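Novice: Sharing a model prediction with you, sequence too.
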Amino acid sequence: MSTPQEVDEPIDGRTARAVRTREAIVDACIELVEAGDLRPTAPRIAERAGVSVRSIFQHFDDLETLFGAVGEQVFRRLAVLVTPIDEDGPLPDRLAAFVAQRATLNEAMTPILMAASIHAATSPVVHQQFEAGHRFFRSQVAQIFATELEAAGARAPALLDAIALITSWPSWDLLRHNEGRSAAEAATSVRQAIEILLGG
């Protein structure tokens, strides 16, 4: 007669393999996008992950579900880049830390957001992730520049809109790829634009 441990081991083993396979599929999708494949297909994802196409749809209901999991994984990876900024520190220190952090994030997010922008129009999941990301970054602006926003009085909503816009990924992408700026040059432009908005 099998002991409880012996009965549990095959189940645990299958669960662990399933988790590894699911992670491999998600990682493969991210790797393809980062390599420039902005519309990865199930066969290409399967080949990269070393699994069958059938395996993808055993772990994900459809590509929409997979892209949702990809977004969640990307968020977890990028979360480590969001370090606390002293909201009570001098404005020059806050501004320098904020711009440096946002530049790093925007640069890291570029491949994934380029792909996501293609799918957002037809993918409710990707669209929702876009919205959640925007709300998070806007709230970060509101926290870090709370003192300046309060001092702006009735102009505060417009000021918040302007800083959120200037520091958004689409603006960063415009500077980097349409204007041809280096990452350092783009960061300088962003910092100077915020300084102008804040009357610096």
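Specialist: In hand now; what should we look at?
Novice: in stretch 148-162, what's buried?
Specialist: Using 16 or more other C-beta atoms under 10 Å as the test for burial, stretch 148-162 gives Glu148, Leu149, Ala152, Ala156, Leu159, Leu160, Ala162. C-beta: built from backbone N, CA, C; applies to glycine.
Novice: Need the distance between the two termini of that stretch.
Specialist: 13 Å (C-alpha to C-alpha, to the nearest Å).
Novice: Can you tell me how far Ala156 is from Ile163?
Specialist: Distance of Ala156 to Ile163, given as C-beta to C-beta, to the nearest Å: 11 Å.
Novice: Kindly report the same for Val53.
Specialist: Distance from Val53 to Ile163, by C-beta to C-beta: 45 Å.
Novice: Can you pick out the residue with more neighbours from those two?
Specialist: Higher neighbour count among Val53 and Ile163: Ile163, with 23 against 14, using other C-beta atoms under 10 Å.
Novice: what about Thr41, distance to Gln143?
Specialist: Distance of Thr41 to Gln143, given as C-beta to C-beta: 41 Å.
Novice: name the helices or strands packed onto the longest helix belonging to the chain?
Specialist: Assignment by DSSP state H gives helix 4-34 as the longest helix of the chain. Helices and strands touching helix 4-34, as assessed by 3 or more C-beta pairs under 8 Å, 6 or more residues apart in numbering; DSSP states H and E, comprise helix 42-49, helix 53-59, helix 63-79, helix 91-119.
Novice: could I get these as TSV with mean pLDDT?
Specialist: Formatted as TSV, the helices and strands packed on helix 4-34 follow (pLDDT from 0 to 100):
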stretch	mean pLDDT
helix 42-49	95
helix 53-59	93
helix 63-79	88
helix 91-119	93
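Novice: mind putting those helices in TSV, distance to Ile194 included?
Specialist: Converted to TSV, those look like this (distance: least, C-beta to C-beta, whole Å):
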stretch	distance to Ile194
helix 42-49	40
helix 53-59	43
helix 63-79	22
helix 91-119	6
